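>>> Sharing a sequence plus its predicted fold:
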Amino acid sequence: MVSERKGVGSGKSVLVSAIINHVKSLDAHKNQLVAFYFFDFRDSFKQSFNNMVTTLLSQLFLSTTVALQKDIYLAISKLYKNHEKFRSKPTDRDLIRTLKERVKASSPFFSL
């Protein structure tokens, strides 16, 4: 995980984008999953922990095999069905637990 607290316009996003593109292009990492999330100080929606976790789950889902997609879909469906009974939404803790379980079940994983 890359976390950098430099000033606005110091090139953090450009640097991390270059790293992401480089890792994705390496033959040695073709079977590994790469997920990334950019927090944006100008957009409160993109500052949300919940949004980050759901975005990473979505990227994991979209970049994996059909078998693992089914596993991810079932885990997320189960999570939301459990909360549907109580007319509530999954907590950040529920979502991060689901993400951790799915990452552990998948091939090697890069998070930037």
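Sure thing, it's come through.
>>> Okay, buried residues for the longest helix that the chain contains please.
For the chain, the longest helix by residue count, based on DSSP state H, is helix 66-84. Neighbour-count burial for helix 66-84, counted by 16 or more other Cβ atoms under 10 Å, picks out 68, 71-72, 75-76, 79. From N, CA and C alone the C-beta is placed, and that goes for glycine too.
>>> Show me what that helix packs onto, helices and strands only.
helix 49-62, helix 92-105 (3 or more Cβ pairs under 8 Å, 6 or more residues apart in numbering; DSSP states H and E).
>>> chain center to the first one, what's the gap?
What separates the centre of helix 49-62 from the centre of its chain is 4 Å, taken as Cα atoms, centre = their mean, to the nearest Å.
>>> Over to stretch 54-65?
Counting by Cα atoms, centre = their mean, stretch 54-65 comes out at 7 Å from the chain centroid.
>>> Pull that stretch out as CSV, backbone CA atoms only.
Below are the C-alpha coordinates for stretch 54-65, written out as CSV (Å, rounded to 0.1, in the frame of the first residue of the first chain):
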residue,chain,number,x,y,z
THR,A,54,-16.2,-1.2,-2.4
THR,A,55,-14.0,0.0,-5.2
LEU,A,56,-11.2,-2.5,-4.4
LEU,A,57,-13.8,-5.3,-4.2
SER,A,58,-15.1,-4.2,-7.6
GLN,A,59,-11.7,-4.2,-9.1
LEU,A,60,-11.0,-7.6,-7.6
PHE,A,61,-14.2,-8.9,-9.1
LEU,A,62,-13.6,-7.5,-12.5
SER,A,63,-9.9,-8.7,-12.8
THR,A,64,-10.2,-12.3,-11.8
THR,A,65,-11.4,-15.7,-13.1
